[in-house]
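Peer 1: Here you go, sequence then predicted model.
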Amino acid sequence: MAGRRTFLIGGALLAGGCFDRPYYEQNERQKKFLAELKELSKPALASNNPLQIEEAAKKSLALADGIAAFKEWQGVLKQIDGNAQNVAVTIEIGPQVSLYAFNDWTLAMAGSLAGLFSTRSRESPPPGLSDGTIAALKTFRLGERVTLDGRMGAIAGSGLFDLSRLIGKSDADNRQFLQAPRFVARIEALTVAKKS
């Protein structure tokens, strides 16, 4: 009788664990973005055609630009570089897909200078990490699950950063981007992810 009860309880726990959704599938908009990225990159990489790979890389960046603001996305804090004034973070938001946010005033100046020659607003883009996010980063450990709010590409110099990834890049660079895309983002809020 005790063996049967153990089997039933163990089986229920095992089955419950099998149906647990990965963190990156808990937000429907994030899940859709990741699925669309995969839909773009998989056939292009399988084709082994440099033109298709380049086109898929451009479409991936356009897809990220179309996201604009995001809320309550789930991620894993992978890397923190720099100091409180000039910090950069990498947050994995899906299998081999990450967001990169930074506060680098050199790039901010470059972004402002580039704005003088474009039809975009002359207003300087904001830094990539809000003051609240920087304060929160001081309490986290690498590898910790986080919930984040922000905006794709709305960061100082982000246009230059993203375009430099594609303009004049080789097939190998575009292929590497499709295999492990890293998008520039502004992180406005960062909290520890709640256990679901």
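Peer 2: Perfect, thanks for sending it. Numbers count the residues shown, from 1 in each chain.
Peer 1: Please count neighbours and contacts with C-alpha atoms only from this point.
Peer 2: Will do.
Peer 1: Within its sheet, name the partner strands of the longest strand seen in the chain and how each one runs.
Peer 2: Of all segments of type strand in the chain, defined using DSSP state E, the longest is strand 69-82. Using DSSP bridges, strand 69-82 pairs in its sheet with strand 87-94 (antiparallel), strand 145-152 (antiparallel).
Peer 1: As CSV, could you dump the C-alpha coordinates of the last one?
Peer 2: Output in CSV follows, covering the C-alpha atoms of strand 145-152 (Å, rounded to 0.1, in the frame of the first residue of the first chain):
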residue,chain,number,x,y,z
ARG,A,145,15.3,34.9,-13.2
VAL,A,146,13.9,38.4,-13.7
THR,A,147,10.8,40.2,-14.9
LEU,A,148,11.5,43.2,-17.0
ASP,A,149,9.7,46.2,-18.6
GLY,A,150,11.2,48.3,-21.3
ARG,A,151,11.3,49.3,-24.9
MET,A,152,13.2,47.7,-27.9
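Peer 1: and the next element down the chain from the longest helix along the chain?
Peer 2: Looking across the chain with DSSP state H, the single longest helix is helix 28-47. Tracing the chain C-terminally past helix 28-47 and defining elements by DSSP states H and E, one meets helix 50-67 next.
Peer 1: Would you mark the buried spots in that following helix?
Peer 2: The neighbour-count check on helix 50-67 (16 or more other C-alpha atoms under 10 Å) flags 50, 52, 53, 54, 56, 57, 58, 60, 61, 64, 65 as buried.
Peer 1: mind putting those in CSV, distance to residue 178 included?
Peer 2: Formatted as CSV, those follow (distance: C-alpha to C-alpha, whole Å):
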residue, distance to residue 178
50, 12
52, 11
53, 8
54, 9
56, 8
57, 6
58, 10
60, 8
61, 10
64, 13
65, 16
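Peer 1: can you list the residues you listed in CSV and add pLDDT?
Peer 2: Listed next are these as CSV, based on pLDDT from 0 to 100:
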residue, pLDDT
50, 93
52, 95
53, 94
54, 91
56, 94
57, 90
58, 90
60, 92
61, 87
64, 90
65, 86
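Peer 1: now the closest residue to residue 52 other than its chain neighbours: how far from residue 22?
Peer 2: For residue 52, the nearest residue in space outside its immediate sequence neighbours is residue 44; the separation is 5.4 Å by C-alpha to C-alpha, 6 or more residues apart in numbering. Using C-alpha to C-alpha, to the nearest Å, one gets 26 Å for the distance from residue 44 to residue 22.
Peer 1: Can you find the helix or strand of the chain with the lowest average pLDDT?
Peer 2: helix 158-166 (a mean of 43; mean pLDDT, DSSP states H and E).
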